Every structure is written in C-alpha cells, then in structure tokens.
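A.B. asks: Mind folding the following:
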Amino acid sequence: MAKFMLSLRDESFELLQTEAEDRGISIQELIRAVIIPDWVKLNTAAKPAFDNGNNGLRAYRSAPVRDQEQVFQPAMSRIR
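C.D. replies: Down below sits the predicted model:
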C-alpha cells in the first residue's frame, strides 16, 4: 500500500479536527474516506484525464492494458 505524509497549517488542521470530531471519526479516517474521494471526483471531472505530462492525473484503468499484461509472462517450463 502506498503511503504519504501530509503537512497542514494550524488553521487547516483545526478545521479538519473539528469536522472529524463532529462526525465521530479520526482525522485520518476523514481524509481517507471523505476528503480524498471528494477531491478526486471534483478534479477528475473538471480537468482532462492527463495533460501531456504537465499537470493533472492519469486516468484510472480498471483493466490492464494489453502491452502491460505481456511485460512479464514466465514460461511454465521454467517454473516447473
């Protein structure tokens, strides 16, 4: 699982802390379950999926791309 660290200004932290307390959850749960999904919905709908490497996010692919599927296909004879 990928991980990241987030630094917030005091005002932003206090806002998140208040919101999390009102919902009866931790700040981490608020960020993971509410903030990030809402941000992704708003930002992927408003912008192109990928902006030629400059800005934006790559589109999420639920199914692997054919070329990527064939990157590593071990021969069964070598495994046995």
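A.B. asks: Helix or strand for E19, just tell me which one.
C.D. replies: Assigned by DSSP states H and E, E19 belongs to helix 10-23.
A.B. asks: which parts of that helix are buried?
C.D. replies: Neighbour counts over helix 10-23 (16 or more other Cβ atoms under 10 Å) mark 16, 20 as buried. In short, each C-beta sits where N, CA and C put it, glycine included.
A.B. asks: what's it packed up against?
C.D. replies: Secondary-structure packing of helix 10-23 (3 or more Cβ pairs under 8 Å, 6 or more residues apart in numbering; DSSP states H and E): helix 27-30.
A.B. asks: Quick check: mean pLDDT of the helix it packs on?
C.D. replies: For helix 27-30, mean pLDDT is 94.
A.B. asks: same thing with stretch 37-45?
C.D. replies: For stretch 37-45, the mean per-residue pLDDT is 87.
A.B. asks: hang on, the earlier thing: contact partners of the helix holding E19?
C.D. replies: Contacting residues not belonging to helix 10-23 are listed as 8, 26-27, 29-31, 34-35 [Cβ atoms under 8 Å, 6 or more residues apart in numbering].
A.B. asks: Extract the C-alpha set from that helix and format it as PDB.
C.D. replies: The C-alpha coordinates for helix 10-23 follow below in PDB (Å, rounded to 0.1, in the frame of the first residue of the first chain):
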ATOM      1  CA  ASP A  10      -2.700  25.100  12.100                       C
ATOM      2  CA  GLU A  11      -5.900  26.600  10.700                       C
ATOM      3  CA  SER A  12      -6.400  23.700   8.200                       C
ATOM      4  CA  PHE A  13      -5.600  21.100  10.900                       C
ATOM      5  CA  GLU A  14      -8.100  22.700  13.300                       C
ATOM      6  CA  LEU A  15     -10.800  22.700  10.600                       C
ATOM      7  CA  LEU A  16     -10.200  19.000   9.900                       C
ATOM      8  CA  GLN A  17     -10.100  18.200  13.600                       C
ATOM      9  CA  THR A  18     -13.400  19.900  14.200                       C
ATOM     10  CA  GLU A  19     -15.000  18.200  11.200                       C
ATOM     11  CA  ALA A  20     -13.700  14.800  12.200                       C
ATOM     12  CA  GLU A  21     -14.900  15.300  15.800                       C
ATOM     13  CA  ASP A  22     -18.400  16.300  14.600                       C
ATOM     14  CA  ARG A  23     -18.500  13.000  12.600                       C
END
